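**Student:** okay, predicted coordinates and the sequence, questions at the end:
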Amino acid sequence: MTPPLGATLTLAREAPGLWRGEADPAYSNGMTGAFVGQFGGWTAAALLKAALGEAAEGQHARSFTAHFFTPVRPGALSVAVRALRRGKSVSFWQADLVQGEDVRAQAVVTVGAGREDAHAYQFPPHPDAPPADAESLQAFSPPTPFGRSLEARWVSGAPFTGASGGRSLFWSRTAAPTRVDAMTLALLADFMPPRVFYVANAFVPSSTLSMNVYFHADPAEIAAVGERHVLVDVQGRRIGGGYWDHTAAFWGPDGALLSTTEQLALHRG
């Protein structure tokens, strides 16, 4: 049984703006050569945890933009966090994940306090999907350490089934029950098959270059998900020149739009 996400994010605050921990092998990609290293979603969650650990009380994650420069290797790591701007309502933080002398990944995190909003409105409708525990759903996750740490139950568009690569819909969560929070949503933002898999109908080595996550739900709506699955609606856009991208929306089981993401990645093969 894989550990809950929180148990793998062992980062601890050593000093103001400095966090230390280790890359947990439960979320490695199980690959060799140029692509060996941590699953990008775990790296994103680690960066976000450190940044939120420095933020003022009452300011919550609003957006997260990460760049993955080089693979995070097994072993010790640190995250250096500094304020780019501190405001009463909105603040901006930069987090650098370091191994040895190398900054291997970097994120800018926007945090902000909420307030009453007379114009609050949710535009897109919740996608139609059977419940996550429906027997008709196919379970498939990649045969890698991080794939065993995560769970996907497919409504439509599972990989390697001849399905269209344009869109896929599935329920997602950690294999070991984890209460959903901003770190969980950052983790799951990288857990979806690269669109190039659908065109090739085969595994093609891919590496995330950059990823944005926007947090739409308030902390109470996110907390209400508990340990349940979230519904992920992925839409591919274009593959070309060795790169591909997609967008995705993450929905709570009660119908709230929790977060959205878009990603640019490199593939070889």
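**Tutor:** Yep, that arrived. Only a predicted model underlies this, so the values are computations on that prediction, with no experimental measurement involved.
**Student:** ok, the nearest residue to Gly112 once chain neighbours are set aside to Pro145 distance?
**Tutor:** In space, and not counting its chain neighbours, Gly112 is closest to Val90: 4.2 Å by C-beta to C-beta, 6 or more residues apart in numbering. C-beta here means a position set from N, CA and C on the backbone, and glycine is covered the same way. Distance of Val90 to Pro145, computed by C-beta to C-beta, to the nearest Å: 37 Å.
**Student:** in this structure Arg20 contacts Ala50, no?
**Tutor:** No - if you go by C-beta atoms under 8 Å, Arg20 and Ala50 don't touch, sitting 9.7 Å apart.
**Student:** intersection of neighbour lists for these two?
**Tutor:** Overlap between the contact sets of Arg20 and Ala50, as judged by C-beta atoms under 8 Å, 6 or more residues apart in numbering, is given by 11, 79.
**Student:** the more surrounded of the two?
**Tutor:** Ala50 (28 against 16; other C-beta atoms under 10 Å).
**Student:** in this protein, what secondary structure element scores lowest on mean pLDDT?
**Tutor:** helix 5-8 (a mean of 88; mean pLDDT, DSSP states H and E).
**Student:** beyond the lengthiest helix in the chain, next helix or strand please.
**Tutor:** The longest helix of the chain (DSSP state H) is helix 40-54. Using DSSP states H and E, the helix or strand that follows helix 40-54 in sequence is strand 60-68.
**Student:** what is the orientation angle of the next helix or strand after that next one with helix 40-54?
**Tutor:** Note on strand 60-68: by DSSP H and E, the next helix or strand toward the C-terminus is strand 75-85. Inter-element angle recorded for strand 75-85 and helix 40-54: 50 degrees (by axes from the mean of the first three to the mean of the last three C-alpha atoms, to 10 degrees).
**Student:** who does strand 75-85 pair up with?
**Tutor:** Take DSSP bridges as the rule and strand 75-85 pairs in its sheet with strand 18-23 (antiparallel), strand 90-99 (antiparallel).
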